[in-house]
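Peer 1: Sharing a sequence plus its predicted fold:
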Amino acid sequence: KAGVTQTPRYLIKTRGQQVTLSCSPISGHRSVSWYQQTPGQGLQFLFEYFSETQRNKGNFPGRFSGRQFSNSRSEMNVSTLELGDSALYLCASRTRGNKQYFGPGTRLTVT
Amino acid sequence: QKEVEQDPGPLSVPEGAIVSLNCTYSNSAFQYFMWYRQYSRKGPELLMYTYSSGNKEDGRFTAQVDKSSKYISLFIRDSQPSDSATYLCAIPQWLRSGGSNYKLTFGKGTLLTVNP
C-alpha cells in the first residue's frame, strides 16, 4: 500500500503571500491531520479532517485553514505568510484506530 | 505545565550501547502511548505503541510505561548507527467519543547519534 504523499516537498515564499499544501492519505484512511514542526516548538497539531469536516483544531491563528475532499485528499492553506511560518508541515492519516501515519512533509521557507 | 515533556538531548552513544529515552506527562487519564522515530528530512514513523502500564518489546526496542509516576521510556539494546534519528514520544487524545476529534501531542524529541 502506498504511504501518505505530500506535494510539494519544498517551497519558498515571500512574506505576505499565501500557500497551499496538498496531502494524499493512505488508501482507505478517511482521517487526515496536519502538524507543524519547528525547532523551537516541536511538532504541533494544526487540525484534523474526517469525512470532509474539520473535527478538531489546534491553537493556530485563522490564517491557517484546510479542507478535505470526497476522496479524502486534503489541502492546507496559509494566508498572509509570516517569517515564523517557516516550518516542516506534516500530514498524517489514520483509520478508526489509534495509529497515525505520517507523510514526508513539505518544507516551507518564508523570506 | 506542558502535557508531554521529553528529555531534549542530544544524546551521543557508541555502537552497541543501551539507550534510554524518556518522557513525562501531566494527565493521569492518558492511556495510550507511542514512540515515533524521525530520520533527517523524513516524516515521523511509528515505532512502538503501548496501552496502559508495563513493558512492550519489539526486537531491540522496549517501551515502558509507569503510570504511577507518569513516566514513559524507550530502551534500545545493542544500538546501531542506523538508529541515529530523532525519537519522539506521543500521546493520542480524543476530544469526543466514537474515535473522532483525535490529535497527537508530542514531546519535543531527542536527537540520538550512535557512533560506529
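Peer 2: Arrived safely. Keep in mind that what you see is a predicted model, and the values were worked out from it rather than measured.
Peer 1: residue boundaries of the helices in chain B?
Peer 2: Using DSSP state H, chain B contains no helices.
Peer 1: same deal with chain A?
Peer 2: Taking DSSP H, chain A contains no helices at all.
Peer 1: remind me which residues of chain B are low pLDDT?
Peer 2: For chain B, the stretches flagged by pLDDT under 70 are B:95-100.
Peer 1: Chain A contacts on that one?
Peer 2: Selection of chain B residues close to chain A by Cβ under 8 Å from any Cβ of the partner chain yields B:32, B:34, B:36, B:41-46, B:49, B:88, B:92, B:95, B:99-109. C-beta coordinates here come from the backbone N, C-alpha and C atoms, glycine included.
Peer 1: Narrow these to those that are buried.
Peer 2: Buried members of the residues of chain B next to chain A, scored by 16 or more other Cβ atoms under 10 Å in any protein chain shown, are B:32, B:34, B:36, B:43-44, B:46, B:49, B:88, B:92, B:100-109.
Peer 1: Give me the neighbour count for the closest residue to A:Trp34 other than its chain neighbours.
Peer 2: Excluding the flanking residues, the one nearest A:Trp34 by Cβ to Cβ, 6 or more residues apart in numbering or on different chains is A:Leu46, at 4.1 Å. Here the count is done by other Cβ atoms under 10 Å in any protein chain shown, and A:Leu46 has 22 residues near it.
Peer 1: before we move on, the earlier item: counting only strands, which of the residues of chain B next to chain A make the cut?
Peer 2: Judged by DSSP state E, these include B:32, B:34, B:36, B:45-46, B:49, B:88, B:92, B:102-106 as members of strands.
Peer 1: Report the contact partners of the closest residue in space to A:Gly28 that isn't next to it in sequence.
Peer 2: Counting by Cβ to Cβ, 6+ apart, A:Gly28 lies nearest to A:Thr95, which is 6.7 Å off, once chain neighbours are set aside. By Cβ atoms under 8 Å, 6 or more residues apart in numbering or on different chains, the contact list for A:Thr95 reads A:28-31.
Peer 1: Perfect, that will be all.
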